[in-house]
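Undergrad: compute the structure for the input listed below.
(one chain, ligands or ions: 1)
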Amino acid sequence: MQQEMALIFELSRDGRTGYSLPEQDVPEVNLDEILPSDCVRKNEPELPEVSELQIMRHYTALSVRNHGVDSGFYPLGSCTMKYNPKMNEDTARLAGFAHIHPYQPEEQVQGAMELMYNLQSHLSEITGMDEVTLQPAAGAQGEWTGLMMIRAFHEANNQPQRNKVIVPDSAHGTNPASAAVAGFESITVKTDKRGLVDLAHLKEVAGEDTAALMLTNPNTLGLFEEDIVEMAEVIHEAGGKLYYDGANSNAILGITRPGDMGFDVVHLNLHKTFTGPHGGGGPGSGPVGVKKELAPYLPKPVLQKAGNQFTWNYDCPASIGRVKPYYGNFGINVRAYTYIRTMGAEGLRKVSEYAVINANYLMRRLEPYFELPYNKHCMHEFVISGKRQKKLGVRTLDMAKRLLDFGYHPPTIYFPINVEECMMIEPTETESKETLDEFADSLIQISKEAESEPEKVQEAPHTTVVKRLDETLAARKPVLKYERAASTSPVNV
Ligand SMILES: *Cc1c(COP(=O)(O)O)cnc(C)c1O
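TA: Numbering: from 1, shown residues only. Model (predicted):
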């Protein structure tokens with residue numbers, strides 16, 4: 001599929017250049033006189049000497065080796081790799097937004113502050129919360145921020161013994177991790193046969209030491225927690241708070257709200273649900289919404305509006321403090337605001353409806369060929385298991401690698417951890433029926449190959465530049481720079 005690319009170092013020819021500099025018009029300095037001698041290079045750097053056209057082709061070739069939402073289908077469950085509308089990029093690049101600096105005085109950046117204020121209001125309305133902070137830079141940081149507020153609340157109410165956070169076994173790994181970093185012990189609550197939180201078990205573990213229940217809804221199996229109101233009652237009666245992991249709110253926008261389900265805190269991932277581009281670990285935004293009771297603990301400064309004037313209020317004595325320098329990842333917030341304004345309330349509801357229809361369509365097309373551990377209506381994503389194929393010697397990892405040959409980014413695999421050999425598929429709302437059908441056909445073909453020619457799947461991928469990596473070696477001993485001798489390591493590209 002992709003052509004072999006000559007390494008730029010091998011194209012190098014002595015004396016060839018791709019640049020020209022103006023003649024030197026300042027006196028030459030002796031570096032040894034102005035820098036410590038161990039900082040001065042003794043030998044010329046060994047850089048490739050190539051023409052402008054060669055370097056152009058090199059970087060262009062590199063750029064298309066990457067798979068992104070703009071180049072193909074990317075059904076990575078739980079990660080919500082949805083299309084990033086280009087209008088969002090235009091607004092984020094407007095000079096009035098792109099060229100300001102967080103140290104500028106408030107009166108010079110009123111427009112940016114108004115945007116943040118409005119975005120907070122929209123997110124409050126979307127989630128059913130009273131107040132929102134835009135400070136956290138990612139979902140995980142939002143979780144930690146929310147838990148620190150819950151902690152401050154319990155301490156202020158003389159309940160410091162509330163040191164346990166209940167987390168379902170299907171939760172995203174960041175949930176128990178955030179609980180630990182916020183100083184809590186995490187307690188696991190089981191998933192029952194329905195794929196939902198085991199209510200009886202929840203009642204057993206909730207008690208006087210419960211600080212909070214952290215819940216993802218729809219859960220990571222793509223199922224809506226049917227007993228949500230009862231679960232809220234159990235936790236509130238025990239004196240705990242309810243935390244909603246809203247990283248993937250694709251299925252609920254405009255349909256239901258965490259605030260109405262009884263949740264006290266919610267975080268959103270603007271880089272997932274609200275279209276911020278987030279491949280390769282780019283900047284994120286994980287705003288946190290809270291009910292009134294928790295509002296005094298919000299990170300400071302808090303954005304305020306008096307008349308038509310926006311100000312930062314630092315006088316928040318109960319605040320947990322700052323969680324990030326400045327005011328959040330502003331560029332991602334501009335993109336999310338643009339998205340919300342272009343979609344409107346009705347548009348956001350349609351987003352969720354289409355996301356759910358797409359996921360259900362794909363699930364039913366795959367159902368005859370794969371084990372469906374929870375055979376019920378799914379939300380914006382679903383989980384299938386490769387148990388049948390495993391009996392033929394083909395693992396889910398092999399099928400994921402084989403999908404690369406068809407030009408797709410594979411789904412999330414082996415997560416959630418409570419389903420054997422699982423694949424977690426999230427098609428998102430913007431994909432067409434044709435794309436969904438082509439993807440389904442490819443996976444169905446792979447399931448047939450598992451029967452007729454398993455080696456083909458086990459040895460995949462066949463068409464990519466880099467073949468199957470030794471993942472342990474790649475993680476432990478990555479080769480990150482060009483090595484002149486032919487390297488045996490598969491990670492040297
Ligand atoms: C992605 C995700 C997170 C973590 O968000 P980051 O921005 O990666 O820190 C938390 N919970 C769920 C359910 C997620 O999908």
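
Undergrad: for the rest of this, base every contact and every neighbour count on C-alpha atoms.
TA: OK.

Undergrad: the nearest residue to Lys305 once chain neighbours are set aside - how many residues pack around it?
TA: Closest residue in space to Lys305, ignoring its immediate chain neighbours: Thr311 at 6.4 Å, by C-alpha to C-alpha, 6 or more residues apart in numbering. The local packing count at Thr311 equals 16, with neighbours defined by other C-alpha atoms under 10 Å.

Undergrad: adjacent strands (with direction) for the strand or helix carrying Thr311?
TA: Under the criterion DSSP states H and E, the helix or strand holding Thr311 is strand 309-313. With DSSP bridges as the criterion, the sheet partners recorded for strand 309-313 are strand 302-306 (antiparallel).

Undergrad: quick check: buried residues in the strand it pairs with?
TA: Within strand 302-306, the residues that qualify as buried are Val302, Leu303, counting by 16 or more other C-alpha atoms under 10 Å.

Undergrad: and what of stretch 62-69?
TA: If you call a residue buried by 16+ other C-alpha under 10 Å, then stretch 62-69 has these buried ones: His67, Gly68, Val69.

Undergrad: coming back round to it: contacting residues around the strand holding Thr311?
TA: Residues from elsewhere that reach strand 309-313 (C-alpha atoms under 8 Å, 6 or more residues apart in numbering): Glu106, Gln110, Met113, Glu114, Lys300, Pro301, Val302, Leu303, Gln304, Lys305.

Undergrad: got the contact list for the most centrally placed residue in the chain?
TA: For the chain, the residue nearest the mean C-alpha position is Cys79 (4.9 Å; C-alpha atoms, centre = their mean). Contact analysis of Cys79 by C-alpha under 8 Å, 6+ apart lists Asn248, Lys272.

Undergrad: Glu429 contacts Gly347, doesn't it?
TA: No - under the criterion of C-alpha atoms under 8 Å, Glu429 lies out of contact with Gly347, with a separation of 11.5 Å.

Undergrad: compare those two (neighbour count), which wins?
TA: Neighbours were counted for Glu429 and for Gly347 using other C-alpha under 10 Å; Glu429 has more, 22 against 16.

Undergrad: so what's that one closest to, chain neighbours aside?
TA: Ala355 (3.9 Å).

Undergrad: just the element for the one you found, please.
TA: Under the assignment given by DSSP H and E, the secondary-structure element containing Ala355 is helix 330-366.

Undergrad: distance between the helix or strand that comes right after that helix and the chain's centre?
TA: On the C-terminal side of helix 330-366, the nearest following helix or strand under DSSP H and E is strand 382-385. A distance of 20 Å separates the C-alpha centroid of strand 382-385 from that of its chain, computed with C-alpha atoms, centre = their mean, to the nearest Å.

Undergrad: which SSE is immediately downstream of strand 382-385?
TA: helix 387-391.

Undergrad: from the contact counts, what lies against that next one?
TA: Other elements packing on helix 387-391 under the criterion 3 or more C-alpha pairs under 8 Å, 6 or more residues apart in numbering; DSSP states H and E are helix 433-452.

Undergrad: per-domain residue ranges of the chain.
TA: Per the record, the chain has its domains at 1-65+467-493, 84-462, by automatic domain parsing.

Undergrad: of those, which shows the lowest average pLDDT?
TA: The weakest mean pLDDT among these belongs to domain 1-65+467-493, with a mean of 83.

Undergrad: and the strands in the chain?
TA: 131-133, 164-168, 185-189, 210-216, 241-246, 265-268, 288-290, 302-306, 309-313, 382-385, 412-413, 422-425 (DSSP state E).

Undergrad: adjacent strands (with direction) for the longest one?
TA: So the one you mean is strand 210-216. Partner strands for strand 210-216, per DSSP bridges, with pairing direction: strand 164-168 (parallel), strand 241-246 (parallel).
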